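I'll drop the sequence and a predicted model, then ask my questions.
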Amino acid sequence: MNVRRSAAVLAAVAVFGSAAAPAAFAESPSPSPSAALPSGLYGDSDPKFDGVFRQSYALLAQDSVGVKPAAKSVDWLTGQQCASGGFTSYRPDASEPCDSKTMVDSNMTASAVQALAALGGQDKAVKKSVGWLKSVQNQDGGWGYSPGMDSDANSTGIVIGALAAAGEKPQSVKSQDGKSAYDALPALSMSCEKDGGAFGLADVKSGKLSPNADATAAGVLGAHGKGLVVDEAKKKAAAPKCAKAGTAEQAASNGTAYLLKTLAKGDDHLMSSMPGAKNMPDLGNTADSVLALAAAGQPEQAEKSAEWLAKNSAEWAKKSGPAAYAQLIFAARASGLDARDFGGADLVKQLNATGPAPQATEKAADEKKDSDDGSGVSVWWIIGVGLVAGAGIGFLYSGNKKKQQL
């Protein structure tokens, strides 16, 4: 469910298996190599492709464990918003207004909404972004990465998470044709016989859907109305059975079955599906799957996969940066593991070290946990750009932009 790190183009390709990065990425503004990064930004890599996404992940993860982010980090994120309410990946000079060349998209906008809604005190910014998301909803009820693109499970899933975090009822947000995201998701689900019930990801050139674990995790989360902050499942749901996906609920059941089968075959983790890539573990999408399984009431496999991550994620997270640490924090929460002792690593401390010192310490997080009324933290989703070298991490759908809209 996330993105950010080595060159985001490589990450985006790794995550979604596209033959090439989207044109929007190639045209986005980028700071010169010698330019200093904003002091409020998390991570030290070029934010050209993933600045808003990794910032949103970092702030949301901090909030989910009771850590209050630095004010300047929140200000940096809100300052990236266009007047329309949409967000792009990075605006090096936020004083310059967005124009027709600014590549606003659903994934960056939805990630920002979920973070800002969870933090509180940002109602105006959240409302503007939700308004923009509603304005670019497709007639089938779903969302594509950019305005004018066909709906995809990754984008639709993360927008559902944003709507829920903002206090909206996703099923009530409908297109001019009267369709909601829950009408779009079944059409993005694939056959049980051929494709195991996975949600599909469309090929950039042909538009043909192919089974995709990241799209499946995003679709399952969206169908359950969840975002990235998912509580541990207290009760185990019945074993999912794959059948024709006539509803979002059945599509989610099919996708859950696909994830359970794929993870069991892969020793509790996913492998990279990037064309031509080495046969290597896909830690980001494994983390995404933990969230989806927790949301679907499958705690046993969620915990097994999270434990695998705890043993194997240290180097990946170090190289990948703040969004990767955030993903692991989300996975720890969803599986009932301790984010401050995740395979011996304190993920919260490591995340905090990638940006400005937060206003509150880890002690405050423990105090918040002790006083929690059990209602949980606001959810948010995902999907996003790809953040890791060689391994996907996010629900961000990459594809060529057909149409731009502020």
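Great, that's in hand.

make it CA atoms for all contacts and neighbour counts henceforth
OK.

and Asp372, what's its pLDDT?
Per-residue confidence at Asp372 stands at 44 (pLDDT).

same deal with Gly196?
The model reports Gly196 with a pLDDT of 97.

then Gly120?
At Gly120 the predicted local distance difference test score is 97.

so how far is Pro358 from it?
Look at Gly120 and Pro358: by Cα to Cα, to the nearest Å, they are 16 Å apart.

which of the two has more residues huddled nearby?
Under the neighbour definition other Cα atoms under 10 Å, Gly120 and Pro358 were set side by side, and Pro358 has more, 18 against 9.

for the more buried one, give me its contacts.
Pro358 sits next to 67-70, 352 when contact means Cα atoms under 8 Å, 6 or more residues apart in numbering.

could you verify that it is part of a helix?
No. Pro358: not assigned to a helix; according to DSSP: H, G, I helix; E, B strand; the rest coil it is coil.

state the distance from it to Val67.
From Pro358 over to Val67 the distance is 7 Å, taken as Cα to Cα.

how many residues are close by Lys72?
Around Lys72 there are 15 other residues, counting by other Cα under 10 Å.

was I right to think it contacts Tyr42?
No. Counting by Cα atoms under 8 Å, Lys72 does not reach Tyr42; the two are 10.8 Å apart.

worst-scoring helix or strand of the protein, pLDDT-wise?
When the helices and strands of the chain are scored by mean pLDDT, DSSP states H and E, helix 23-27 comes last with a mean of 32.

just to revisit the earlier point, how about the contacts of Pro358 in JSON lines, adding secondary structure and pLDDT?
As requested, the contacts of Pro358 are arranged in JSON lines below (DSSP: H, G, I helix; E, B strand; the rest coil; pLDDT from 0 to 100):
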{"residue": "Val67", "secondary structure": "coil", "pLDDT": "97"}
{"residue": "Lys68", "secondary structure": "coil", "pLDDT": "97"}
{"residue": "Pro69", "secondary structure": "coil", "pLDDT": "97"}
{"residue": "Ala70", "secondary structure": "coil", "pLDDT": "97"}
{"residue": "Asn352", "secondary structure": "helix", "pLDDT": "97"}
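
got JSON lines for those residues, with neighbour count too?
Listed next are the contacts of Pro358 as JSON lines, based on neighbours: other Cα atoms under 10 Å:
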{"residue": "Val67", "neighbour count": "23"}
{"residue": "Lys68", "neighbour count": "20"}
{"residue": "Pro69", "neighbour count": "23"}
{"residue": "Ala70", "neighbour count": "17"}
{"residue": "Asn352", "neighbour count": "23"}
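
now name the helix or strand holding Lys194.
Assignment of secondary structure by DSSP states H and E places Lys194 within helix 192-195.

how about that helix: buried residues?
Within helix 192-195, the residues that count as buried by 16 or more other Cα atoms under 10 Å are Cys192.
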